[in-house]
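Student: Structural data only, the sequence is not supplied:
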């Protein structure tokens with residue numbers, strides 16, 4: 001399911017963990033890679049829902065935009081839940 005860009009991010013995160021000692025420095029130093037990998041995997045799993053969240057939830061706005069953001073987040077949650085159920089025994 002993951003694309004080569006996610007594979008590269010995963011490898012970069014693994015390398016970051018290998019280079020940095022465990023603790024606050026590692027969490028701080030590898031945070032951007034962890035976030036990028038998570039976003040990549042979610043974007044690969046549920047591309048339409050992920051883009052809707054990015055679009056509607058990127059900033060504050062009208063009550064309509066906030067409602068659209070909530071709906072997009074709910075749709076993304078449902079999509080991720082469907083994928084999660086595929087991996088349950």
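Tutor: That came through, no problem. Not measured: the values here are computed from a predicted model.
Student: Please make it C-alpha for all contacts and neighbour counts, starting now.
Tutor: OK.
Student: For this structure, which segments are assigned as strands?
Tutor: With DSSP state E as the definition, the chain shows no strands.
Student: residue contacts, the residue nearest the centre of the chain?
Tutor: Here the mean C-alpha position of the chain is nearest to the C-alpha of residue 39 (CA atoms, centre = their mean), at a distance of 2.5 Å. Counting by CA atoms under 8 Å, 6 or more residues apart in numbering, residue 39 makes contact with nothing.
Student: Let me know the pLDDT of it.
Tutor: pLDDT recorded at residue 39 is 95.
Student: Where does pLDDT dip in the chain?
Tutor: Within the chain, the set of residues satisfying pLDDT under 70 comprises 1-3, 88-89.
Student: Do you have the helices of it handy? List them.
Tutor: Counting by DSSP state H, the chain has these helices, from start to end: 4-19, 24-45, 47-56, 63-87.
Student: ranking those helices by burial, who's on top?
Tutor: Ranked by average neighbour count under the criterion mean count of other CA atoms under 10 Å, the helices of the chain are headed by helix 47-56 at a mean of 17.
Student: In terms of secondary structure, what does it contact?
Tutor: Contact here means 3 or more CA pairs under 8 Å, 6 or more residues apart in numbering; DSSP states H and E; on that basis helix 47-56 packs against helix 24-45, helix 63-87.
Student: contact partners of it?
Tutor: Here helix 47-56 makes contact (CA under 8 Å, 6+ apart) with 42-43, 65-66, 68-69, 72-73, 75-76, 79.
Student: Which one of those residues is nearest to residue 29?
Tutor: Using CA to CA, residue 42 is the member of the contacts of helix 47-56 that sits closest to residue 29, with 21.9 Å.
Student: Give me the domain ranges for the chain.
Tutor: 1-45, 47-89 (automatic domain parsing).
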